[in-house]
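**Student:** Pasted the sequence and its predicted model underneath.
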Amino acid sequence: MSPGGRTSRPTSWQLVLDPAACDGHGICALLFAERIGLDEWGSAAVRGGPFSGRVMLRRARRAVAACPAAALRLAVVPSAAPARPTAGAAPAGAHEQPQ
Ligand code: SF4
């Protein structure tokens with residue numbers, strides 16, 4: 001655990017587009033070309049899955065902030081929790097003995 005009580009799991013983000021709000025200005029695709037393209041009508045098209053890293057997050061935030069139609073937002077993608085054995089379940093690698 002890090003100072004301040006927060007855990008330091010890596011965080012991922014995903015761009016979420018509201019296609020009904022997109023006016024096709026194209027600014028977002030210029031600012032975050034790694035994840036945003038334009039379709040044949042000039043509307044934004046989000047590509048790829050969740051991303052992480054400071055540089056990618058900074059570009060994503062700039063694209064979201066620059067959208068004049070407020071059609072983009074950033075969503076945090078929860079990191080996968082470590083698998084826990086359920087109550088009564090055999091530990092991984094354990095085998096039942098025949099009776
Ligand atoms: S900047 Fe906004 S309105 Fe323009 S293409 Fe991107 S999402 Fe659509």
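**Tutor:** Arrived safely, thanks for sending. Predicted model, so just to flag it, every value in this text is computed and none were measured. Numbers count the residues shown, from 1 in each chain.

**Student:** Could you pull up the contacting residues of residue 53?
**Tutor:** Counting by C-beta atoms under 8 Å, 6 or more residues apart in numbering, residue 53 touches no other residue. Just so you know, the C-beta spots here come from the backbone N, C-alpha and C atoms, and that holds for glycine as well.

**Student:** ah, wrong one, I meant residue 50
**Tutor:** Applying C-beta under 8 Å, 6+ apart, one finds that residue 50 lies in contact with 12, 13, 14, 77.

**Student:** Would you write a ChimeraX line that selects the buried entries of these?
**Tutor:** Remark: buried members of the contacts of residue 50, expressed as a ChimeraX selection using 16 or more other C-beta atoms under 10 Å:
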select :12,13,14
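
**Student:** from the contacts of residue 50, which two are the most distant?
**Tutor:** Spanning the widest gap among the contacts of residue 50 are 12 and 14, at 7.1 Å by C-beta to C-beta.

**Student:** so what sits against both of those two?
**Tutor:** Residues touching both residue 12 and residue 14 by C-beta under 8 Å, 6+ apart: 50, 51, 77.
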